[in-house]
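Peer 1: need coordinates for the following:
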Amino acid sequence: MQSPHSSLSKTQNPHTRISTCTKSNEQSGILAVLSPPWNLQNPEPKPNPHRQDHRKTQNPNQISTVKTTAKPRTQTKSKKFVNKSKKPTASPASVAGGDAVTSSNDSKPTKDSNLTKKVEKFKRSCESQSFRQVHGLYSAFIRRLREANKFSIIDEVLQHQKKYDDIKSEDFVIRMMLLYGYSGMADHAHKLFDEMPELNCERTNKSFNALLSAYVNSRKVDEAMKVFKELPEKLGITPDLVTYNTMIKAVCRKGSMEDILSILEEVERNGLEPDMITFNTLLEEFYRRDLFAEGDRIWDLMKSKDLVPNIRSYNSRVRGLTRNKKFADAVELTGVMRAEGISPDVHTYNAFITGYRGDNNIEEALKWYDEMKENRLVPDTVTYCLLIPLVCKKGDLDRAVEMSEEAIRHKVLSRPNMYKPVIDGLVGEGKIDKAMQLVKDGKLQSYFRYLPGLSTGKKDTATVPVSSSPVEASVGDE
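Peer 2: Below is the predicted model of the structure:
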């Protein structure tokens, strides 16, 4: 479908320049492209006001060395795992000491009993070999435990898997390591990696790369770098391109240009050719830092190597442009995408919505939202987290309710802060029944116990979601 924004000028803009370079223009490699006089000392990228900075909330007490053990529960809790709608929380570091209390005293016994039943049911299901082969079932269950801060139970469930012969399979162990990593429990992933010989499971590049990913996904970049530098020689493992791509992603998160160049230098020294993942990771980082000249050079080199930019490549550019309020250039770029046969996806639209939301321009934000639906794209959690609070702020409660109901129908991952302005607005207008219905449909009872009929006691203000950033998911992730 033709975009309603495509009437803007088609004049080529330096910010949307798409290189037509051919192989005759090929440089010696990425390092040559990024050599002086290109500005690599750009300041840290502008912070995204709608995204939590997990690096700032890193717990300094977690994992000071590569090999660690679980920490006592008296340790400071990692903010990364704080659920703002509940009082005490736990971090992976407190696994050894138990989990945090996540509900009122009245409901805790019932909740714990229900959780125990679900865990036991999952363990029984694991007896089936066909069940154990479905990674999605494991990731969904572990995600729910992670969101409830039940880290000791995550460890219990994953330790339970060692009783099966599958533990001799490297792929099965890799799954467990990655689940630990996504839960912020990289030290447990490392312990499992060390145990692989005892479990009669071979360790190769694949499991080593999974260990690095566990550290990166736990946002423990320094520890990942330590493992990357020390273990290959010790274990006789030769890093491959997946290894280097993982580490490039890690150092990009850290924001160290020196480390990025160091790894790229090692890639070239070992005779490896960067692939699409390498280039897309670099494009995301440079455009995130507003280093458009360097990003465009990377783009040119990518095309010179006969690698065709894909939707992730274009979305990195679009995000960089919309973040800098260069909306006309971003719209023009979507036209180039379509001409290349690449249709904008939900992440492309979210980039525009994010940019206009930053300007409090609800009209333009909603235009992109409507166009997204016209193109039969399903809005995701980020879309609703961006728009629902903004629509409420502008006073259009009916539209906010409509969008909330739509989000519930689409079964997007619910965020309490996403619905709080709507629930509060309905309560403020005396529409208690409507508010309660929305809460029940969205299964949000634990977050809104102050509503009549959802709590047996008085209003518990501690369970009311805290209004902070409405976007708890990363608008840059795809």
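
Peer 1: can we go C-alpha only for contacts and neighbour counts from here?
Peer 2: Will do.

Peer 1: any idea how far Thr383 lies from Asn217?
Peer 2: 23 Å (Cα to Cα, to the nearest Å).

Peer 1: make sure Gly355 is actually in contact with Gly320.
Peer 2: No - using Cα atoms under 8 Å, Gly355 is not in contact with Gly320; the gap is 9.9 Å.

Peer 1: so those two - more neighbours on which side?
Peer 2: Neighbour count, other Cα atoms under 10 Å: between Gly355 and Gly320, Gly320 has more, with 26 against 23.

Peer 1: which ones are touching that one?
Peer 2: Contacts for Gly320 (Cα atoms under 8 Å, 6 or more residues apart in numbering) come out as 287-288, 290.

Peer 1: in helices only, show me these.
Peer 2: Counting by DSSP state H, the contacts of Gly320 place 287-288 in helices.

Peer 1: now the buried members of the contacts of Gly320.
Peer 2: Applying a neighbour-count criterion of 16 or more other Cα atoms under 10 Å, the buried members of the contacts of Gly320 are 287-288, 290.

Peer 1: nearest to Asp296 among these?
Peer 2: Checking the buried ones among the contacts of Gly320 against Asp296 with Cα to Cα, the nearest one is Tyr287 at 9.0 Å.

Peer 1: out of everything not next to it in sequence, what's closest to the closest one?
Peer 2: Of all residues not flanking Tyr287 in the chain, Gly320 sits nearest, at 5.0 Å (Cα to Cα, 6 or more residues apart in numbering).

Peer 1: now do Leu178
Peer 2: Nearest non-adjacent residue to Leu178 (Cα to Cα, 6+ apart): Ala214, at 5.5 Å.

Peer 1: you'd agree the one you found is up against Ala189?
Peer 2: Yes - counting by Cα under 8 Å, Ala189 is a contact partner of Ala214 at 6.7 Å.

Peer 1: looking at those two, which is more packed in?
Peer 2: When Ala214 and Ala189 are compared on other Cα under 10 Å, the one with more neighbours turns out to be Ala214, at 29 against 25.

Peer 1: mind checking the SS state of the more buried one?
Peer 2: Judged by DSSP: H, G, I helix; E, B strand; the rest coil, the three-state class of Ala214 is helix.

Peer 1: list the contacts for it?
Peer 2: Counting by Cα under 8 Å, 6+ apart, Ala214 touches 177-182, 184-186, 189.

Peer 1: recalculate using a threshold of 7 Å.
Peer 2: Ala214 makes contact with 177-178, 180-182, 186, 189 under the criterion Cα atoms under 7 Å, 6 or more residues apart in numbering.

Peer 1: per-residue confidence for the residue nearest to Tyr287?
Peer 2: Here, the pLDDT recorded for Gly320 equals 94.

Peer 1: could you do Asn315 as well?
Peer 2: At Asn315, the model reports a pLDDT of 97.

Peer 1: quick check: buried residues in stretch 413-425?
Peer 2: Of the residues in stretch 413-425, 414-425 count as buried by neighbour count, 16+ other Cα under 10 Å.

Peer 1: ugh, wrong one, stretch 375-389
Peer 2: For stretch 375-389, by 16+ other Cα under 10 Å, it's 378-389.

Peer 1: test my guess that Val346 contacts Asn375.
Peer 2: No - using Cα atoms under 7 Å, Val346 is not in contact with Asn375; the gap is 10.0 Å.

Peer 1: export stretch 152-164 as PDB, just CAs?
Peer 2: The C-alpha coordinates for stretch 152-164 follow below in PDB (Å, rounded to 0.1, in the frame of the first residue of the first chain):
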ATOM      1  CA  SER A 152      15.900 -20.200  42.500                       C
ATOM      2  CA  ILE A 153      13.000 -22.000  40.800                       C
ATOM      3  CA  ILE A 154      14.500 -21.400  37.400                       C
ATOM      4  CA  ASP A 155      17.700 -23.100  38.600                       C
ATOM      5  CA  GLU A 156      15.600 -25.900  40.100                       C
ATOM      6  CA  VAL A 157      13.800 -26.500  36.800                       C
ATOM      7  CA  LEU A 158      17.000 -26.400  34.700                       C
ATOM      8  CA  GLN A 159      18.900 -28.600  37.200                       C
ATOM      9  CA  HIS A 160      16.100 -31.100  36.900                       C
ATOM     10  CA  GLN A 161      17.000 -31.600  33.200                       C
ATOM     11  CA  LYS A 162      20.300 -33.300  34.100                       C
ATOM     12  CA  LYS A 163      18.400 -36.500  34.900                       C
ATOM     13  CA  TYR A 164      17.700 -37.100  31.200                       C
END
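
Peer 1: from the chain's centre, how far out does that stretch sit?
Peer 2: Relative to the centre of its chain, stretch 152-164 is centred 24 Å away, using Cα atoms, centre = their mean, to the nearest Å.

Peer 1: and if you look at stretch 295-314?
Peer 2: Distance of stretch 295-314 from the chain centroid (Cα atoms, centre = their mean) equals 23 Å.

Peer 1: one more: stretch 327-344?
Peer 2: 25 Å.

Peer 1: the strand or helix carrying Thr383 packs against which elements?
Peer 2: In this assignment (DSSP states H and E), Thr383 forms part of helix 381-393. Secondary-structure packing of helix 381-393 (3 or more Cα pairs under 7 Å, 6 or more residues apart in numbering; DSSP states H and E): helix 397-409, helix 416-428.

Peer 1: that helix: how far from the chain's middle?
Peer 2: The mean C-alpha position of helix 381-393 is separated from the chain mean by 18 Å, Cα atoms, centre = their mean.

Peer 1: and what of stretch 415-425?
Peer 2: Chain-centre distance of stretch 415-425: 22 Å, with Cα atoms, centre = their mean.

Peer 1: model confidence over that stretch, on average?
Peer 2: Mean pLDDT, stretch 415-425: 85.

Peer 1: with stretch 209-226 instead?
Peer 2: Across stretch 209-226, pLDDT averages out at 95.

Peer 1: can you check stretch 398-409 too?
Peer 2: Stretch 398-409 shows a mean pLDDT of 93.

Peer 1: show the subsequent helix or strand relative to the one helix or strand Ala328 maps to.
Peer 2: Take DSSP H and E as the rule and Ala328 turns out to sit in helix 327-339. Per DSSP H and E, helix 327-339 leads on to helix 346-358 as the next helix or strand towards the C-terminus.
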